[in-house]
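In: Whatever this is, show me its structure:
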Amino acid sequence: MSGVHYLADVGRELHAVYHLVSITHNRRLRLEVSVPDADPHVPSVVSVYPTCNWHERETWDFFGNRLRRASRADPIEMPDDWKGHPQRKDYPLGGIPVEYRGATVPPPDERRSYS
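Out: Now for the predicted structure:
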């Protein structure tokens, strides 16, 4: 499972993408579900694919897709007190204080250029 945030796709900004593979039959299927940013609830597939639990929680951390299930929804990748979802297109690109040793991430226009 992965997530995508299409900022300009009004009414269906958040997408949950399931990548399903059958090794036995050599088939691949991609299932994409879109939801509005105002109500980001996506049906869970954990009852069918239990290993998707980690991926669904990770998608919540980075994109904010709420999954309809009874298992835990606390963060697994981001710190517990982190505000926002860093993989969204509207998330700020820099200047965010980093938790480690008081360092900061400079804004994009102040970063080094490697060209």
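In: going forward, measure contacts and count neighbours with C-alpha atoms only.
Out: Will do.
In: can you give me the helices for the chain?
Out: Here the chain has its helices, by DSSP state H, at 52-63.
In: where does it dip in pLDDT?
Out: Within the chain, the segments meeting pLDDT under 70 span 66-75, 77, 79-80, 82, 89, 92-104, 115.
In: any idea where the strands of the protein begin and end?
Out: All strands of the chain, identified by DSSP state E, fall at 2-5, 14-22, 27-35, 41-43, 66-68.
In: Export these as TSV, with columns for distance to residue 52.
Out: Shown next, in TSV, are those (distance: least, Cα to Cα, whole Å):
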stretch	distance to residue 52
strand 2-5	10
strand 14-22	9
strand 27-35	14
strand 41-43	12
strand 66-68	11
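In: most neighbours per residue, which of those strands?
Out: strand 2-5 (a mean of 20; mean count of other Cα atoms under 10 Å).
In: What strands flank that one, and is each parallel or antiparallel?
Out: strand 14-22 (antiparallel) (DSSP bridges).
In: Compute the inter-axis angle for the strand it pairs with and strand 27-35.
Out: Per axes from the mean of the first three to the mean of the last three Cα atoms, to 10 degrees, the angle that strand 14-22 makes with strand 27-35 is 160 degrees.
In: Name the surrounding residues that touch strand 14-22.
Out: Applying Cα atoms under 8 Å, 6 or more residues apart in numbering, the external contacts of strand 14-22 come out as 1-6, 27-37, 40, 42, 59, 63, 65.
In: Let's see that with 7 Å instead.
Out: Where contact means Cα atoms under 7 Å, 6 or more residues apart in numbering, the residues beyond strand 14-22 that reach it are 1-6, 27-37, 40, 65.
In: And the closest residue to residue 64 other than its chain neighbours, how far from residue 34?
Out: If the residues on either side of it in the chain are set aside, residue 64 comes closest to residue 85, at 6.1 Å by Cα to Cα, 6 or more residues apart in numbering. Separation of residue 85 from residue 34 (Cα to Cα, to the nearest Å): 17 Å.
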